[in-house]
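Engineer: sequence unavailable; structure follows:
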């Protein structure tokens, strides 16, 4: 039986999101040195709509829906959206 060694982390492509995701990746790597934790970054609807104030869009999950979908579709194994470091 093969033991899984790679767990992909989903993240938004924003600078802050990638800083937070890299922090989580480093913590996981220290705790589980035999495993790999590559980051798969993606843009979200909230990242793409730049000409309209977010409150006017009136939709929830503007910055998380694509991450949740990737998780549900097994494109990533876990996601980092926001973190208090």
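Structural biologist: Here it is on my side, so go on. All values derive from a computational prediction rather than experimental measurement.
Engineer: flag every buried residue along the longest helix that the chain contains.
Structural biologist: Counting residues, the longest helix in the chain under DSSP state H turns out to be helix 15-31. Neighbour-count burial for helix 15-31, counted by 16 or more other C-beta atoms under 10 Å, picks out 17, 18, 20, 21, 24, 25, 28. Where C-beta positions appear, they are placed from N, C-alpha and C, glycine not excepted.
Engineer: out of the residues you listed, which is nearest to residue 67?
Structural biologist: Using C-beta to C-beta, residue 17 is the member of the buried residues of helix 15-31 that sits closest to residue 67, with 9.5 Å.
Engineer: ok, now which ones touch residue 6?
Structural biologist: Residue 6 sits next to 35, 36, 37, 38 when contact means C-beta atoms under 8 Å, 6 or more residues apart in numbering.
Engineer: using CSV, lay out those together with secondary structure and distance to residue 10.
Structural biologist: Shown next, in CSV, are these (DSSP: H, G, I helix; E, B strand; the rest coil; distance: C-beta to C-beta, whole Å):
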residue, secondary structure, distance to residue 10
35, coil, 16
36, strand, 15
37, coil, 11
38, coil, 10
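Engineer: quick one: which of these is most hemmed in?
Structural biologist: Scoring those on neighbours with other C-beta atoms under 10 Å, the highest-scoring entry is residue 37 at 19 neighbours.
Engineer: tell me how far that residue lies from residue 52.
Structural biologist: 35 Å (C-beta to C-beta, to the nearest Å).
Engineer: which residue, other than its chain neighbours, is closest to the residue positioned nearest the centre of the chain?
Structural biologist: Note on the chain: the residue nearest the mean C-alpha position is residue 11, at 2.1 Å, using C-alpha atoms, centre = their mean. With sequence-adjacent residues excluded and distances taken as C-beta to C-beta, 6 or more residues apart in numbering, residue 11 is closest to residue 21, at 3.8 Å.
Engineer: and residue 18, by the same measure?
Structural biologist: Per C-beta to C-beta, 6+ apart, closest to residue 18 is residue 11, 5.9 Å.
Engineer: could you dump the buried residues of helix 15-31 into TSV and include pLDDT?
Structural biologist: As requested, the buried residues of helix 15-31 are arranged in TSV below (pLDDT from 0 to 100):
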residue	pLDDT
17	91
18	93
20	93
21	95
24	95
25	97
28	97
